[in-house]
Every structure is written in C-alpha cells, then in structure tokens.
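[1] Next come a sequence and a model predicted from it.
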Amino acid sequence: MQSNFKNPKKNAADPQETAIAVLGWLANEPDMFGRFLALTGVEPVQVRNAINEPAFLAGMLDFLMNHEPTLLAFCEASGIPPEVVAAASAHFSPPGLASGEY
C-alpha cells in the first residue's frame, strides 16, 4: 500500500510530529491498527482525545518499537528513520531500570 506520509518539510525530529505520523500510518493500516487497539484496550472513539495524552503516545510508540518489522514498515512508508522513532519513544516514555535514570 502506497503511503502519503512522506513530507520532508515537516520536522520529523519533533516527538509530537513523529507520534502523529505513527498514528496516521496506523490508521491507514487496518489490521495493524486493530491489533494496536486490542493490545491497548483503547476504543476507536477514544483515540481522538487520547492523542493529547503522553501516556497514549508512549504506548503507541512502544507498540511500534517492540516489533521491528512493524517499525521498519512505518519507517519505509514515512521516510522517518528508526532513530527518530526511538528518540520520540524515549521522549514520551518514563525511564526504565535499564536506563540508569530511575
């Protein structure tokens, strides 16, 4: 499926922009979006409000980061490098035990 999420003029390094790009991509991948909703327990009608919640964005980015084929599919479709997605994920996620920042 050809995607229209490539936009070199946008600042893809902005964590919020990256998260919005991920949501847009997921919304255009019905099977993947359904899997994400099922795993998170978020209802489709809740997504509009949830996009303003850092915990939702963290969960959505974690969903992508925890499955490399999905991450790479998003990166290929959007033109956003995996490192940018990882940085956005780190921005929205609290530090874990392995980070040394707890």
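    Arrived safely. Everything numeric in this text was worked out from a predicted model, so none of it was measured. Numbering: from 1, shown residues only.
[2] tell me the SS of Ala73?
    helix (DSSP: H, G, I helix; E, B strand; the rest coil).
[3] pLDDT below threshold where in this structure?
    For the chain, the stretches flagged by pLDDT under 70 are 1-12, 96-102.
[4] mind listing the helices for it?
    For the chain, applying DSSP state H gives helices covering 15-27, 30-40, 47-50, 54-65, 68-78, 82-92.
[5] Now render those helices as TSV, adding mean neighbour count.
    Backbone N, C-alpha and C define where each C-beta goes, glycine included. Below are the helices of the chain laid out as TSV (neighbours: other CB atoms under 10 Å):
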stretch	mean neighbour count
helix 15-27	19
helix 30-40	14
helix 47-50	13
helix 54-65	19
helix 68-78	16
helix 82-92	18
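[6] So Ile51 sits against Ile20, correct?
    Yes: using CB atoms under 8 Å, Ile51 is in contact with Ile20, at 7.3 Å.
[7] mind checking how far the residue lying closest to Thr40 once chain neighbours are set aside is from Phe92?
    Excluding the flanking residues, the one nearest Thr40 by CB to CB, 6 or more residues apart in numbering is Gly59, at 5.6 Å. According to CB to CB, to the nearest Å, Gly59 and Phe92 sit 9 Å apart.
[8] now Pro44
    Taken as CB to CB, the span from Pro44 to Phe92 is 21 Å.
[9] which residue sits closest to Cys75, ignoring its sequence neighbours?
    Distances taken as CB to CB, 6+ apart place Pro82 nearest to Cys75, at 5.3 Å, with adjacent residues excluded.
[10] quick one, phi psi at Val42?
    phi -80, psi 130 (degrees, to the nearest 10).
[11] Same check on Ile51?
    phi -60, psi -20.
[12] quick one: contacts for it?
    Shown in contact with Ile51 (CB atoms under 8 Å, 6 or more residues apart in numbering): 19-20, 23, 57.
[13] Swap in 10 Å and give it another go.
    Counting by CB atoms under 10 Å, 6 or more residues apart in numbering, Ile51 makes contact with 16, 19-20, 23, 57, 60.
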